[in-house]
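A.B. asks: 3D, please:
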Amino acid sequence: MTQTPTKRLTPDLTDSGTNITLQVTKRDGRVVEFEPARIQRAIEAAFVAEYADKTNAPLSDAQRTHIDNITKMVIAACSDQDRSGAVLEVEGVQDLVEEKLMRSGEFSVARRYIVYRQERNRARVLRMESVKQAADITVNKPDGTTEPLNTHLVKRRIYEACHGLPQCKPNELLQELYANLYNGITTTELEKAMVMVTRQHIETEPAYNKVATRLVLNIVYRQALGEVPAKQDHDAIYRVKFEEALKAGVEAELLNPELLTYDMAKLVAALKPERDETFTYLGAQTVYDRYLIHISKRRIETPQFFFMRVAMAWRCVKTRPSARPTRSSSTNCCPPSASSARRRRSLTPAHATPSSPRATSPRSTTTWATSSSASATTPRSRSGPEAWATTGPASARPAATSRGPTANRRASSPSSRSSTTPPSP
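C.D. replies: Numbers count the residues shown, from 1 in each chain. Take a look at the predicted model:
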């Protein structure tokens, strides 16, 4: 049996017999318009904490009607106070809510509301203290200068990362962040601190995974794009910086100059900047740490720049037969996509050990020792886009020779002299 949803009414000032538009003075001195809906939500939250949370059932129609009546009583009292010339303040409004709850006989609900006020006040004091302490912190910039911590910018970054995620609490993140900062922190360390504070909440609330991802992407954008673009400018700046990133990589002799011969207008139009946020935190952090090209520890690529660069390299391999991998190319090199279009060789993974599946295959450990020793002293040849990125096709380079004590023993053994076919690697 499905329960018919109850229509929730928001009290209006006209219901309390007045058309006066009230204004409230907040704690920081600002004067804002009085919002009856906020009074109703606070009273309803106290009712839910007292009744619904215990029985695990929604509030009844009678309870909701009671909430509306108490709200109207509070609004009427606020109107009377305003007509008397008294200043209507936030604390005064909350005192009226407590009074009307007790006058209506809802003492347990009033107690819940009082506890809620105390918790909010305590959190507010801690937040103000942490912000005050953070304002005294100095940050070391990359150029060697120092400046006071920009608490407004930090707050904006955290709130933007939590946008659209009501499960996340940016105020808690800010309070934890300020508690972990120290005088003389660098800009890079500050950005990492934001990520680390957020990452701790992922186990308890998965929505923080998206927050951490956005904060990692902010680090990427600041390095690759020169800034963290505003939402309305993000797409345009993202596309403009693509060709600049390729030119910077070529000038630093990290990328093949042939990348600049492509039709940049078509490539830029094909970029999908919004796909960066499809990463999880772990994926975004891995791409940043291991795959994006950097110059002096500064990344010059974004995730979409990286994927486009890989596609460009594979396209060039497909159209140039001389750059295609040869049959004798080593299979122990890094995945081709990790170094596509790069002019420098990349480190290879560690060779197989006796405990690895390769060493425990039907072939004997002697075969493993022979092949791994020979391959350890043999220059690696790359395949796919990596072979295209080197100076000249693989067939034009001199053949590598095997050296090492194991290889010499194999060459001097009778079995190796009697056979013209070398053992398989």
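A.B. asks: can you tell me which residues contact residue 139?
C.D. replies: Shown in contact with residue 139 (C-beta atoms under 8 Å, 6 or more residues apart in numbering): 146, 147, 148, 149, 150, 184, 185, 186, 187, 190. (Glycine included, C-beta is placed from N, CA and C.)
A.B. asks: from these, which single one is nearest residue 261?
C.D. replies: Here the nearest of these to residue 261, counting by C-beta to C-beta, is residue 187; it sits at 36.7 Å.
A.B. asks: Farthest pair within the contacts of residue 139?
C.D. replies: Of all pairs in these, the most separated under C-beta to C-beta is 150 and 184 at 15.5 Å.
A.B. asks: Between the two, point out the one with more neighbours.
C.D. replies: residue 150 (14 against 11; other C-beta atoms under 10 Å).
A.B. asks: List the buried residues in stretch 305-321.
C.D. replies: The neighbour-count check on stretch 305-321 (16 or more other C-beta atoms under 10 Å) flags 305, 306, 307, 308, 309, 310, 311, 312, 313, 314, 316, 317 as buried.
A.B. asks: what stretches of the stretch 51-200 of the chain score poorly on pLDDT?
C.D. replies: 53-55, 124-135 (pLDDT under 70).
A.B. asks: Which ones among the buried residues of stretch 305-321 map onto helices?
C.D. replies: Counted as lying in helices by DSSP state H, out of the buried residues of stretch 305-321, are 305, 306, 307, 308, 309, 310, 311, 312, 313, 314, 316, 317.
A.B. asks: Next, work out how far apart the third one and residue 231 are.
C.D. replies: By that I understand residue 307. 22 Å (C-beta to C-beta, to the nearest Å).
A.B. asks: Tell me who's in contact with the closest residue to residue 219 other than its chain neighbours.
C.D. replies: Spatial nearest neighbour of residue 219, excluding adjacent residues (C-beta to C-beta, 6 or more residues apart in numbering): residue 191 at 5.0 Å. Contact partners of residue 191, counting by C-beta under 8 Å, 6+ apart, are 215, 218, 219, 222.
A.B. asks: In helices, which of those fall?
C.D. replies: 215, 218, 219, 222.
A.B. asks: Out of the residues you listed, which is nearest to residue 299?
C.D. replies: Nearest to residue 299 among those, with distances taken as C-beta to C-beta, is residue 219, at 8.3 Å.
A.B. asks: does the closest one really touch residue 287, like I thought?
C.D. replies: No. Assessed by C-beta atoms under 8 Å, residue 219 is found out of contact with residue 287, at 11.6 Å.
A.B. asks: What's the first helix or strand after the helix or strand containing residue 139?
C.D. replies: Per DSSP states H and E, residue 139 falls inside strand 138-140. Next helix or strand after strand 138-140 toward the C-terminus (DSSP H and E): strand 146-148.
A.B. asks: got the contact list for that following strand?
C.D. replies: 135, 136, 137, 138, 139, 140, 141, 184.
A.B. asks: how many other residues sit next to the fourth one?
C.D. replies: A count of neighbours around residue 138, defined by other C-beta under 10 Å, yields 13.
A.B. asks: how near is the nearest residue in space to it that is not next to it in sequence to residue 161?
C.D. replies: Excluding the flanking residues, the one nearest residue 138 by C-beta to C-beta, 6+ apart is residue 146, at 4.7 Å. From residue 146 across to residue 161, the span is 26 Å (C-beta to C-beta).
A.B. asks: what do you get for residue 302?
C.D. replies: Residue 302 is 17 Å from residue 161, by C-beta to C-beta.
A.B. asks: same thing with residue 220?
C.D. replies: For residue 220, the distance to residue 161 - C-beta to C-beta - is 14 Å.
A.B. asks: so where do the strands sit in the stretch 201-350 of the chain?
C.D. replies: Taking DSSP state E, counting those that start in this stretch, the strands of the stretch 201-350 of the chain run over residues 294-295, 298-299.
A.B. asks: can you tell me which of the ones you listed comes nearest to residue 47?
C.D. replies: strand 298-299 (51.9 Å).
A.B. asks: For that closest one, give me every contacting residue.
C.D. replies: Taking C-beta under 8 Å, 6+ apart as the rule, strand 298-299 contacts 220, 223, 224, 288, 292, 293.
A.B. asks: Let me see the ranges of the helices in the stretch 101-250 of the chain.
C.D. replies: 107-135, 151-161, 170-180, 187-199, 208-224, 234-251 (DSSP state H, counting those that start in this stretch).
A.B. asks: Mean neighbour count, the ones you listed: which tops it?
C.D. replies: helix 208-224 (a mean of 22; mean count of other C-beta atoms under 10 Å).
A.B. asks: Now do that one against helix 170-180, angle only.
C.D. replies: 60 degrees (axes from the mean of the first three to the mean of the last three C-alpha atoms, to 10 degrees).
A.B. asks: report the angle between the axes of helix 208-224 and helix 234-251?
C.D. replies: Using the same axes, to 10 degrees: helix 208-224 against helix 234-251 is 50 degrees.
A.B. asks: picking that back up, residue 29: which of the strands of the stretch 201-350 of the chain is closest?
C.D. replies: strand 298-299 (43.7 Å).
A.B. asks: Let me see the mean pLDDT of the closest one.
C.D. replies: Averaged over strand 298-299, pLDDT sits at 92.
A.B. asks: Which helix or which strand is home to residue 62?
C.D. replies: helix 61-83.
A.B. asks: Keeping just the C-alphas, turn that helix into CSV.
C.D. replies: Only the C-alpha atoms of helix 61-83 are listed here, as CSV (Å, rounded to 0.1, in the frame of the first residue of the first chain):
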residue,chain,number,x,y,z
ASP,A,61,-0.5,14.8,8.5
ALA,A,62,-1.4,15.9,12.1
GLN,A,63,2.2,16.6,12.9
ARG,A,64,2.8,18.5,9.7
THR,A,65,-0.3,20.6,10.5
HIS,A,66,1.1,21.2,13.9
ILE,A,67,4.4,22.4,12.4
ASP,A,68,2.5,24.9,10.2
ASN,A,69,0.6,26.3,13.1
ILE,A,70,3.8,26.7,15.2
THR,A,71,5.5,28.4,12.3
LYS,A,72,2.6,30.9,11.9
MET,A,73,2.8,31.7,15.6
VAL,A,74,6.5,32.5,15.3
ILE,A,75,5.8,34.7,12.2
ALA,A,76,3.1,36.6,14.1
ALA,A,77,5.4,37.2,17.1
CYS,A,78,8.1,38.4,14.7
SER,A,79,5.6,40.8,13.1
ASP,A,80,4.6,42.2,16.5
GLN,A,81,8.2,42.7,17.5
ASP,A,82,8.9,44.6,14.2
ARG,A,83,5.8,46.8,14.7
